[in-house]
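Q: Let me see the structure of the following:
(chains A and B)
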Number of protein chains: 2
Amino acid sequence: MRIICSIQGTKRVCRTAQKKGMSIGFVPTMGALHEGHMSLIRASVKENDFTVLSIFVNPIQFGKGEDFNKYPRTLEKDAKAAKKNGVDIIFCPDMRSMYPDGYRTYVEVGSLQDNLCGVSRPGHFKGVVTVVAKLFEIVRPDRAYFGRKDAQQAAIIKKMAEDLNMDVRIRTMPTVREKNGLALSSRNTYLSYEEKKEALVLYRSLKEAKRLYHTGETNARRIISGMKKIIGSAASAKIDYVKIADPRTMKDVRNLKGGELAAVCVYIGKTRLIDNIILEK
Amino acid sequence: MRIICSIQGTKRVCRTAQKKGMSIGFVPTMGALHEGHMSLIRASVKENDFTVLSIFVNPIQFGKGEDFNKYPRTLEKDAKAAKKNGVDIIFCPDMRSMYPDGYRTYVEVGSLQDNLCGVSRPGHFKGVVTVVAKLFEIVRPDRAYFGRKDAQQAAIIKKMAEDLNMDVRIRTMPTVREKNGLALSSRNTYLSYEEKKEALVLYRSLKEAKRLYHTGETNARRIISGMKKIIGSAASAKIDYVKIADPRTMKDVRNLKGGELAAVCVYIGKTRLIDNIILEK
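A: Below is the predicted model:
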């Protein structure tokens, strides 16, 4: 496994692999890798001849007052785990090479960003889509892997790739959870012992949505109300949003027909956590 | 030479050429080809193993009330000229395949679009940049060719390709003119015989800028005033803008240091014409 910081160097290695007829799998991350990331890496290694992992804490997807500065950076540990799981190269550019002085090009996917996290984090998805477009140009992957925990992100990137006629296929992989149900996230490291216990209300609220749906409830308002009750039981929990949305358009749904996304975003203390499941029979 | 309308078909042909180690030159146009386009095609044929010409009247770069509907479509004539000049494939997609229902991804280059044509045609460059980004994904050219008559367009596309880390090299070729100085443009076909004579004030104003600059004038305001006087001599001319700008940032320049862009946009009757030159010693 090689670690490459330069854009040109990464392009060179990727183009060479491609010329040899190898398929390229790509896992873009911000590092602080956990088992969720590992599941993406393993899928990529399995489905492609060559796997590129990028580690880049992308400044333009963080808003003012968000956690860009304190976001965990654990490159050495990440590299070990990546190597063990079969990554061929880690691409870890610095900020100045990704956004040199005078940088001014942005990619945006309209309307999909107008609900859920797009509301509480204005500009966030513009930053995500832009960096992913750049990374796709550098790596030119055949397949790129994203986690379903960030369902809105995955849907937006899929739409971007489709709209811009990119060759890449977007693969969205299941959320990996701790045994107690907590969805893995690099931001879980911010949680105290007590907060980690309270954070379980996210998944519990999703399970409640599932239970209600399976008892025949199709009214989104009533399901959401049941979910909010559970989240409210945690003292340090502050709801950002609790939504039932169409998983393609990300628009709110009033009456469930099956296949909808139940999505929650909750602050546990100062830590913003998200989770979601698909409601289907 | 082949004419291909499907995106997938064009991708297939381009990827096959690339796999054989051929370099791809790309000339994106809206058709109604004239000698200016031919100079781009000839440069591409000379510098690359395989030349793709696209013909697509891109709806999203036209504003309301602009000439999208009456823009000249002359595919048969274009195909003949393209073939004669060595084009390998013409890619002519239809609107529905480029912008299917639910299309919603746009690429924008900030600030470069805030002057000159970007002011009088809001949204125009967003449409141009988006379609070129799409075409670049489909063709994956090594080099792409643009005319210097659309200097702002070329600068914006160059910036987009650079910012998004695209592999393509942008080549900007000299403006081709009629013997009397009129810059070739597909829109010249809108001009009556009388208007065509009046349209000569565009180039004459640029020559006046050059003359003034060569006599030692470095004050942009005074050069612009001299240019406006010449344009004013044509009865049917209505100035959209007359500017001296930095050719990279497209920002207005007050005092010339050499290498600045003198750019004019003038309505002759109902026809909007642009032209420019670089002022240098």
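Q: Show me what from the stretch 101-250 of chain A comes close to chain B.
A: A:103-112, A:129, A:133-134, A:137-138, A:159-160, A:163-167 (Cβ under 8 Å from any Cβ of the partner chain). Just so you know, the C-beta spots here come from the backbone N, C-alpha and C atoms, and that holds for glycine as well.
Q: Could you pull out the buried residues of stretch A:34-45?
A: A:34, A:36-45 (16 or more other Cβ atoms under 10 Å in any protein chain shown).
Q: Tabulate those residues (a markdown table), appending pLDDT and secondary structure.
A: Formatted as a markdown table, those follow (pLDDT from 0 to 100; DSSP: H, G, I helix; E, B strand; the rest coil):
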| residue | pLDDT | secondary structure |
| --- | --- | --- |
| A:34 | 97 | coil |
| A:36 | 98 | helix |
| A:37 | 98 | helix |
| A:38 | 98 | helix |
| A:39 | 98 | helix |
| A:40 | 98 | helix |
| A:41 | 98 | helix |
| A:42 | 98 | helix |
| A:43 | 98 | helix |
| A:44 | 98 | helix |
| A:45 | 98 | helix |
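Q: dump the residue contacts of residue A:117.
A: Contacts for residue A:117 (Cβ atoms under 8 Å, 6 or more residues apart in numbering or on different chains) come out as A:124-125, A:152-153, A:265, A:274.
Q: again, but for residue A:199
A: A:182, A:188, A:191, A:234, A:266, A:268, A:271, A:273.
Q: Tell me where the stretch 51-200 of chain A has strands.
A: A:89-91, A:105-109, A:143-147, A:169-173 (DSSP state E, counting those that start in this stretch).
Q: If you compare the directions of the last one and strand A:143-147, what angle comes out?
A: With axes from the mean of the first three to the mean of the last three Cα atoms, to 10 degrees applied, the angle from strand A:169-173 to strand A:143-147 works out at 30 degrees.
Q: Would you format the strands of the stretch 51-200 of chain A as TSV with mean neighbour count and mean pLDDT included?
A: Below are those laid out as TSV (neighbours: other Cβ atoms under 10 Å in any protein chain shown; pLDDT from 0 to 100):
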stretch	mean neighbour count	mean pLDDT
strand A:89-91	23	98
strand A:105-109	22	97
strand A:143-147	23	98
strand A:169-173	18	98
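Q: what's the closest non-adjacent residue to the residue nearest to the spatial centre of chain A?
A: With distances taken as Cα atoms, centre = their mean, chain A has residue A:150 as the residue nearest its mean C-alpha position (3.7 Å). Counting by Cβ to Cβ, 6 or more residues apart in numbering or on different chains, residue A:150 lies nearest to residue A:274, which is 7.2 Å off, once chain neighbours are set aside.
Q: ok, the one helix or strand that neighbour maps to: who's next to it in the sheet?
A: Per DSSP states H and E, residue A:274 falls inside strand A:271-279. The pairing partners recorded for strand A:271-279 under DSSP bridges are strand A:260-268 (antiparallel).
Q: just checking, residue A:244 is part of a strand?
A: Yes: with DSSP: H, G, I helix; E, B strand; the rest coil as the criterion, residue A:244 is part of a strand.
Q: Quick one, which of the residues of the stretch 101-250 of chain A next to chain B are buried?
A: Buried among these (16+ other Cβ under 10 Å): A:103-109, A:112, A:129, A:133-134, A:137-138, A:159-160, A:163-166.
Q: In helices only, show me those.
A: Among those, DSSP state H puts A:129, A:133-134, A:137-138, A:159-160, A:163 in helices.
Q: out of those, who's nearest residue A:2?
A: residue A:138 (14.9 Å; Cβ to Cβ).
Q: In contact with the closest one: list those residues for me.
A: So residue A:138 contacts A:7, A:10-11, A:14, A:91, B:165 (Cβ under 8 Å, 6+ apart).
Q: try it again with 6 Å
A: A:7, A:10-11, B:165 (Cβ atoms under 6 Å, 6 or more residues apart in numbering or on different chains).
Q: for residue A:191, same thing?
A: Listed by Cβ under 6 Å, 6+ apart, the contact set of residue A:191 reads A:199, A:271.
Q: Next, it: phi, psi?
A: Note on residue A:191: its backbone torsions stand at phi -80, psi 140 [degrees, to the nearest 10].
Q: what about residue A:60, neighbour count?
A: 18 (other Cβ atoms under 10 Å in any protein chain shown).
Q: actually residue A:210, not the one I wrote
A: 16.
Q: quick one, phi/psi of it?
A: The phi/psi pair for residue A:210 (degrees, to the nearest 10) is phi -60, psi -40.
Q: And it, how far from chain B?
A: Between residue A:210 and chain B the distance is 29 Å, computed by Cβ to the nearest Cβ, to the nearest Å.
Q: lowest confidence element among the helices and strands of chain A?
A: For chain A, scoring each helix and strand by mean pLDDT, DSSP states H and E identifies helix A:117-120 as the least confident one, at a mean of 92.
Q: Restricting to C-alpha, output that one in PDB.
A: Taking C-alpha atoms only, helix A:117-120 is exported to PDB below (Å, rounded to 0.1, in the frame of the first residue of the first chain):
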ATOM      1  CA  CYS A 117     -29.400  18.000   6.800                       C
ATOM      2  CA  GLY A 118     -29.400  20.500   4.000                       C
ATOM      3  CA  VAL A 119     -31.600  22.800   6.100                       C
ATOM      4  CA  SER A 120     -29.600  22.800   9.300                       C
END
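Q: Off-centre distance for it?
A: How far helix A:117-120 lies from its chain's middle: 14 Å, per Cα atoms, centre = their mean, to the nearest Å.
Q: Show me which residues of that helix are buried.
A: A:117-118.
Q: wait, what's in contact with whatever residue of the stretch 1-150 of chain A ends up closest to chain B?
A: The minimum distance from the stretch 1-150 of chain A to chain B, using Cβ to the nearest Cβ, falls at residue A:105 (3.5 Å). By Cβ under 6 Å, 6+ apart, the contact list for residue A:105 reads B:109, B:160, B:163-164.
Q: Could you dump the ones in helices among the buried ones among the residues of the stretch 101-250 of chain A next to chain B into JSON lines with pLDDT added?
A: Formatted as JSON lines, those follow (pLDDT from 0 to 100):
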{"residue": "A:129", "pLDDT": "98"}
{"residue": "A:133", "pLDDT": "98"}
{"residue": "A:134", "pLDDT": "98"}
{"residue": "A:137", "pLDDT": "98"}
{"residue": "A:138", "pLDDT": "98"}
{"residue": "A:159", "pLDDT": "97"}
{"residue": "A:160", "pLDDT": "98"}
{"residue": "A:163", "pLDDT": "98"}
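Q: what's the most distant pair in those?
A: Of all pairs in these, the most separated under Cβ to Cβ is A:138 and A:159 at 20.6 Å.
Q: From the ones in helices among the buried ones among the residues of the stretch 101-250 of chain A next to chain B, pick the one nearest residue B:142.
A: residue A:137 (14.1 Å).
Q: I'd say that closest one and residue B:163 touch.
A: No: if you go by Cβ atoms under 6 Å, residue A:137 and residue B:163 don't touch, sitting 9.9 Å apart.
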